[in-house]
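Visitor: Return a 3D structure for these sequence lines:
(one chain, ligands or ions: 1)
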Amino acid sequence: MQFDPEKLRAYYADHPDDISLDDVDLERIPRHVSIIMDGNGRWAQSRGLDRSQGHVAGVDSLREAVTTSVRLGLDVLSVYAFSTENWRRPQHEVDLLMHLFATTLVNELPLFHQENVRLRFFGDLSALPEQTRLVFQRGLDETADHSGMVFALAVNYGSRAEIVRAARELVGEALEGKLSAEDVCEEALAERLYTAGLPDPDLLIRTSGELRLSNYLLWQLAYTEFYVTDTLWPDFSRWDFLRAIVSFQGRSRRFGGVVAS
Ligand code: FPP
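Guide: Predicted coordinates:
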């Protein structure tokens, strides 16, 4: 994706001692970065606040992550906002998150228009409260013709369920005689995942130090580089994003092969 070098310089002008934009190879920015945003609850609790205030603070970090991704010229930013397991949280927390998703989406639509960002969702949205669903649909409709970065929110998402759903679609098409067993290949399955048409993530960032995938993009992360930071999501800044990219650029990606000489 094209980016504006002047805007990028201005965005990263005042830098901390340990990192600056000069540390990054702008020719080798990952195309797709995915983030497991974790630690909102701990961030709030460590300040004597209610967990919900951690989620509210997390919205500011998310807005900054979207802006950072646009400035850096990513093709795709995807984030894990709510898993199929998150329904097990206390009802008032689930209600707050659903409300927060809806209000945030409406509030951020001007940003998506200004930055030409196209929205996308991963997950089964049919189980969401009607108001949240309607707002999500409005976001999809209003950004459908944007040609810039794709911003994908995983909501009521679970990777195993996603793969089962894709397999079920393949079986359905086979039973209708549209597919034979030989047609079932990696591409055919990938085309039936929520991520169809998008490049796999190059870099997965997980905040708050947890070393788990938590049923997130199990298929798509096959060759993705992982970056885990102890920083809690509400504290995650444009500088942390840059640290993750510098780490990514220091890796040797071989995709199971050997380094080209
Ligand atoms: C993980 O922290 C965070 C979530 C389950 C929700 C993510 C939501 C946001 C960042 C709010 C804004 C999102 C959108 C899409 C508008 P946790 O509650 O698991 O934290 P803990 O591990 O410290 O308990």
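Visitor: from the stretch 51-200 of the chain, which residue is nearest to the ligand?
Guide: Per Cβ to the nearest ligand atom, the residue of the stretch 51-200 of the chain with the smallest distance to the ligand is Gly58, at 3.0 Å. (Each C-beta comes from the backbone N, C-alpha and C, glycine too.)
Visitor: Could you pull up the residues touching that residue?
Guide: For Gly58, the contact set (Cβ atoms under 8 Å, 6 or more residues apart in numbering) comprises Met37, Asn40, Trp43, Trp233, Pro234.
Visitor: And the ligand, is stretch 60-71 touching that?
Guide: Yes: on the criterion Cβ under 6 Å from any ligand atom, stretch 60-71 is in touch with the ligand at Leu62.
Visitor: Enumerate the residues of the stretch 1-150 of the chain near the ligand.
Guide: 37-42, 55, 58-59, 62, 81, 86, 97, 100-101, 104.
Visitor: and the residue of the chain positioned farthest from its centre, helix, strand or coil?
Guide: Within the chain, the residue lying farthest from the chain centre (Cα atoms, centre = their mean) is Gly177, at 35.8 Å. Assigned by DSSP: H, G, I helix; E, B strand; the rest coil, the conformation of Gly177 is coil.
Visitor: For it, grab phi and psi.
Guide: Dihedral angles of Gly177 (phi, psi; degrees, to the nearest 10) stand at phi 80, psi 10.
Visitor: Repeat that for the one 5 residues further on.
Guide: Reported as degrees, to the nearest 10, the phi and psi values for Glu182 are phi -70, psi -20.
Visitor: neighbours around it, how many?
Guide: 6 (other Cβ atoms under 10 Å).
Visitor: what residues does the biggest helix by length in the chain touch?
Guide: Criterion DSSP state H: the longest helix present in the chain is helix 91-114. Helix 91-114 is contacted from outside by 51-52, 55-56, 59, 62-63, 66-67, 81-82, 86-87, 89, 117-119, 128-129, 131-132, 135-136, 138-139, 142-143, 146, 151, 153, 155, using Cβ under 8 Å, 6+ apart.
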